[in-house]
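# Model the following, please.
(one chain, ligands or ions: 1)
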Amino acid sequence: MPFLTEAEPPRGVPLDVLPGIRRIVARNPSVMTYQGTNTYLIEGAEGLSVLDPGPDDSQHVQDILAVAGSVPVRRILLTHTHRDHFGAVAALRAATGAPVHAYRYSAKPGFTPDRPLGDGDDVAGLTAIFTPGHAADHLCFALRDGPRKILFSGDHVMSWSSSIVSPPDGDMLAYYRSLERLLDRDDELYLSGHGPALPEPQTLVRELLAHRQRREATILRQLDQQDWSVAALAERLYAKADPYLKVAAQRNVLAHLLKLTEEGRAAELEPATELPADAPQISALPGEVQHDALRRFGLVR
Ligand SMILES: [Zn+2]
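Residues are numbered from 1 along each chain as shown. Next up is the predicted model:
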């Protein structure tokens, strides 16, 4: 896969991306978030917008306010409500009084955006594009009238890695559709939720889709041999050493199996009674994740 890497970026300072667009990388690097969450400051005719405030980290909020300086933050834009993007929303909103623009049906219990957005809605020179799959409430934002055709792609398409699709918030069928939707566009540069700017983004989108289609074909071949629990099939296909990546692999496998079930090509069976011996050993695995690991699927013939 044509993924990009980057050296650890400096923290707490703005990185110039393009005229009027700066990036601040939050202090939350990990195997799931790469160097950290990207917060973008976008200046346009309607003032300063902050896209994705980042994780719940008061230092990061201070960094955003310091970079904004005397320029008031007019609005907060959210690609989706996962905590590494959403965590700082309350603090930034309290500090600036700026309204939060996000998808109208939030996947976050108890959160309602101040300005609910639907597919195709315009806000401050950007157009919201509903792209569920990684998250049920995911929006990309396309810059209108910029020097280049820019898409803020959130975690739907990231420059450094493929995205986790973790049901029920994540939905593999929706993810396929949302990738296909981006293939119909002619964006020249993606600015994603993690990792550096991505030129010629269509190449990666095509690869991401092809990668999932190959994975799906492999899963169908495995199901043709025998029935599989989610945990055992993930182990067979991914063999990740890192315990968090093991769980991520299970979530992706479950998402594929549910897509195949929805399409009538696979069916869910009675769950397995125990995890395989080589299942991920993570202390206090969340109950739902544990339960999902035991779910079993077979081929519809
Ligand atoms: Zn993220």
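# where's the residue in the stretch 201-301 of the chain positioned nearest to the ion, which helix or strand?
Residue nearest to the ion within the stretch 201-301 of the chain (Cβ to the ion): residue 248, separated by 12.6 Å. For glycine as for every other residue, the C-beta is placed from the backbone atoms N, C-alpha and C. For residue 248, the host element (DSSP states H and E) is helix 243-262.
# residues in the chain within reach of the ion, list them.
Residues of the chain found near the ion (Cβ under 5 Å from the ion) are 84, 155, 193.
# quick one: which of those is most hemmed in?
residue 193 (30 neighbours; other Cβ atoms under 10 Å).
# What separation is there between that one and residue 295?
Distance of residue 193 to residue 295, given as Cβ to Cβ, to the nearest Å: 29 Å.
# all strands in the stretch 101-250 of the chain, in order from the N-terminus.
Along the stretch 101-250 of the chain, counting by DSSP state E, counting those that start in this stretch, strands occupy 115-117, 122-123, 126-130, 139-143, 150-154, 189-192, 198-199, 228-229.
# List phi and psi for the residue lying closest to residue 23 once chain neighbours are set aside.
Excluding the flanking residues, the one nearest residue 23 by Cβ to Cβ, 6 or more residues apart in numbering is residue 15, at 4.6 Å. Backbone geometry at residue 15, expressed as degrees, to the nearest 10, gives phi -100, psi 130.
# Identify the bridge partners of the closest residue to residue 104 other than its chain neighbours.
Setting aside the residues directly before and after it, residue 104 is nearest to residue 116 in space (Cβ to Cβ, 6+ apart), at 3.3 Å. Counting by DSSP bridges, residue 116 is bridged to residue 102.
# Residue 116: how many residues sit nearby?
Other residues close to residue 116 by other Cβ under 10 Å number 14.
# Distance from stretch 251-264 to the middle of the chain?
Stretch 251-264 has its average C-alpha position 18 Å from the chain's average C-alpha position, going by Cα atoms, centre = their mean, to the nearest Å.
# Next: stretch 290-301.
For stretch 290-301, the distance to the chain centre is 25 Å (Cα atoms, centre = their mean).
# cool, stretch 182-195 as well?
13 Å.
# Just the endpoints, please. Distance across it?
19 Å (Cα to Cα, to the nearest Å).
# Residue 244 contacts residue 250, doesn't it?
No - using Cβ atoms under 8 Å, residue 244 is not in contact with residue 250, being 10.7 Å away.
# For the two, work out which one has more neighbours and name it.
residue 250 (26 against 13).
# Which parts of this protein are helices?
Here the chain has its helices, by DSSP state H, at 58-68, 83-86, 89-96, 172-183, 201-225, 230-237, 243-262, 287-294.
# Check the average confidence over the second one, would you?
Averaging pLDDT along helix 83-86 gives 97.
# go on, the last one?
Helix 287-294 comes out with an average pLDDT of 86.
# repeat for the fifth one
In this model, helix 201-225 has an average pLDDT of 97.
# packing partners for that helix?
helix 172-183, helix 230-237, helix 243-262, strand 296-299 (3 or more Cβ pairs under 8 Å, 6 or more residues apart in numbering; DSSP states H and E).
# Run through the neighbouring helices and strands of the last one.
Helices and strands touching strand 296-299, by 3+ Cβ pairs under 8 Å, 6+ apart, are helix 201-225, strand 228-229, helix 243-262, strand 266-269.
# picking that back up, right, so of the strands of the stretch 101-250 of the chain, which gets closest to residue 79?
Taking Cβ to Cβ, strand 150-154 is the member of those nearest to residue 79, at 3.0 Å.
# what about the closest residue in space to residue 273 that isn't next to it in sequence, neighbour count?
Of all residues not flanking residue 273 in the chain, residue 294 sits nearest, at 7.4 Å (Cβ to Cβ, 6+ apart). Look at residue 294: counted by other Cβ under 10 Å, it has 18 neighbours.
# Equivalent analysis for residue 99, please.
Other residues close to residue 99 by other Cβ under 10 Å number 13.
# got a pLDDT number for it?
Confidence score, pLDDT, at residue 99: 98.
# pLDDT at the residue nearest the centre of the chain, what is it?
Closest residue to the average C-alpha location of the chain: residue 155 at 2.7 Å, with Cα atoms, centre = their mean. Predicted confidence (pLDDT) for residue 155: 97.
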